[in-house]
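>>> Kindly generate the corresponding structure for this input.
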Amino acid sequence: MLPAYAANALPVVFNRFNLFSFLAKPVDFNKRLFGKPLFGHSKTFRGFIVGIGGGIIVGIIQYFLSSISGIQNISLIDYSLLNSFYVGFLLSIGALLGDLIKSFLKRRIGISSGNSWLIFDQIDYAVGALILVSLVVIPSYPHIIAIITISAFFSVFANIFAYLCGIKKVWW
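Residues are numbered from 1 along each chain as shown. The predicted structure follows:
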């Protein structure tokens with residue numbers, strides 16, 4: 001899940017430090033549906049590009065780390081270079097699509113960008129990543145439950161950390 005975690009976190013970091021600002025254009029082109037934004041101004045091309053790129057890089061790093069004794073014993077996938085690239089890509093784009101779909105739903109029910117939607121804000125990316133990566137790897141149900149639970153807690157702690165570091169404006 002590390003590529004999904006990277007894909008979920010990197011857009012926030014790149015936004016905070018205004019890196020690649022020329023790509024900071026909303027993926028919905030500021031279009032509205034029934035008077036509400038499709039996704040919101042915070043879902044940008046920059047976020048998608050750095051999220052997917054970062055997730056692929058993390059997947060490839062995992063490939064190189066998989067040769068360390070014991071790592072393969074706890075891995076859910078076969079870490080060939082091509083597999084690591086595909087899994088990194090699928091986890092990353094799945095995480096970002098999960099977040100995008102959640103943002104679309106938030107706008108429909110009237111929750112504005114930056115406001116919390118408890119539970120969904122913590123697991124959207126993990127569910128999206130698991131759905132998309134299931135094209136090549138299908139984790140067992142206990143793994144899925146563990147991944148979603150760990151991802152939810154990880155999301156809360158990462159948000160608090162980002163808030164304390166001044167990267168995010170809200171801690172939730």
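>>> remind me which residues of the chain are low pLDDT?
Across the chain, residues meeting the criterion (pLDDT under 70) sit at 69, 72-74, 81, 171-172.
>>> Just the strands from it, written as ranges.
Along the chain, counting by DSSP state E, strands occupy 32-33, 36-37.
>>> ok, the last one: who's next to it in the sheet?
What it means is strand 36-37. Strand pairing for strand 36-37, determined by DSSP bridges: strand 32-33 (antiparallel).
>>> what's the partner strand in contact with?
For strand 32-33, the surrounding residues in contact (Cβ atoms under 8 Å, 6 or more residues apart in numbering) are 38, 107, 108. In this view, the C-beta of every residue, glycine as well, is placed from N, C-alpha and C.
>>> Against which helices or strands is the helix ranked longest in the chain packed?
As assigned by DSSP state H, the longest helix anywhere in the chain is helix 81-108. When contacts are defined as 3 or more Cβ pairs under 8 Å, 6 or more residues apart in numbering; DSSP states H and E, helix 81-108 sits against helix 2-16, strand 36-37, helix 45-65, helix 120-133.
>>> can you pick the most crowded of the contacts of strand 32-33?
Compared across the contacts of strand 32-33, residue 107 has the highest neighbour count, 20 neighbours, by other Cβ atoms under 10 Å.
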